[in-house]
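Undergrad: next comes the sequence, and after it the predicted model I'd like to discuss.
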Amino acid sequence: METIHRIAFGGGCHWCTEAVYNSLKGIISVEQGFVASEGEESSFSEAVIVRYDPINISLEDLILIHLYTHKSTSNHSMRKKYRSAIYTFETVDAERCALALQKFQENFKSPLITKVLPFKEFKISDKAFQNYYFKNPYKPFCTTHIAPKLKLLLLKFADQVDHVKVLDQ
């Protein structure tokens with residue numbers, strides 16, 4: 001039986017999102033790029049595809065981490081480029097994600113704007129930008145935008161973090 005599941009997340013810069021998910025236990029791979037859904041959400045937006053082992057990390061934990069590591073309550077001017085979304089490959093996952101968003105709303109003062117959308121298409125980022133943080137942890141963008149998200153992971157989600165990988169930076 002196949003135990004590897006897929007889900008895609010968008011919300012902020014895909015360098016940030018990629019670093020967050022690459023820092024977790026139970027993650028098999030993270031592909032950084034651009035995801036399109038359907039209808040009004042058919043344009044490409046920065047996102048990552050996460051392959052994970054649900055025995056080691058739950059979909060619900062992945063969603064909660066996503067909500068805390070991007071501006072999931074802010075409908076700012078860059079939302080077309082940085083769509084706040086969970087892209088699902090399976091109908092059953094869409095239902096689980098919608099329920100998780102309802103459940104996790106209580107953790108936030110403002111309404112969550114994150115949408116659950118069907119995954120339709122993916123364009124991978126140029127190789128030079130893949131695994132950006134772990135290749136360039138001391139570049140200004142990384143220290144300013146990504147490192148604080150990883151510190152938040154260590155504070156709020158310590159049990160899910162691969163400490164060796166994060167602390168090596």
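TA: That came through fine.
Undergrad: residues contacting Arg51?
TA: If you count contacts by Cβ atoms under 8 Å, 6 or more residues apart in numbering, Arg51 has them with Ile4, His5, Arg6, Ile27, Ile28, Ser29, Val30. All C-beta atoms are positioned from the backbone trio N, CA, C, and that covers glycine.
Undergrad: what's the answer for Ile55, then?
TA: Thr3, Gly26 are the contacts of Ile55 under Cβ under 8 Å, 6+ apart.
Undergrad: tell me if it really is in a strand.
TA: No. Ile55: not assigned to a strand; according to DSSP: H, G, I helix; E, B strand; the rest coil it is coil.
Undergrad: what about it, distance to Val166?
TA: 21 Å (Cβ to Cβ, to the nearest Å).
Undergrad: what does Lys115 give?
TA: With Cβ to Cβ as the criterion, Lys115 and Val166 are 29 Å apart.
Undergrad: quick check, nearest of the contacts of Arg51 to Arg96?
TA: Nearest to Arg96 out of the contacts of Arg51 is His5 (Cβ to Cβ; 10.6 Å).
Undergrad: now that closest one: phi and psi?
TA: Main-chain dihedrals, His5, degrees, to the nearest 10: phi -110, psi 160.
Undergrad: dump the residue contacts of it.
TA: Arg51, Tyr52, Asp53, Pro54, Leu59, Asp93.
Undergrad: try His14
TA: Counted by Cβ under 8 Å, 6+ apart, His14 has contacts Gln32, Gly33, Phe34, Glu46, Ala47, Val48, Ser125.
Undergrad: have a look at this structure and report its longest helix.
TA: In the chain, with assignment by DSSP state H, the single longest helix is helix 91-104.
Undergrad: contact partners of that one?
TA: Against helix 91-104 from outside (Cβ under 8 Å, 6+ apart): 5, 7, 59-60, 63-64, 67, 86, 88, 112, 114, 116, 118.
Undergrad: residue boundaries of the strands in the protein?
TA: Under the criterion DSSP state E, strands of the chain are mapped to 5-10, 27-36, 45-52, 85-88, 115-118, 121-124.
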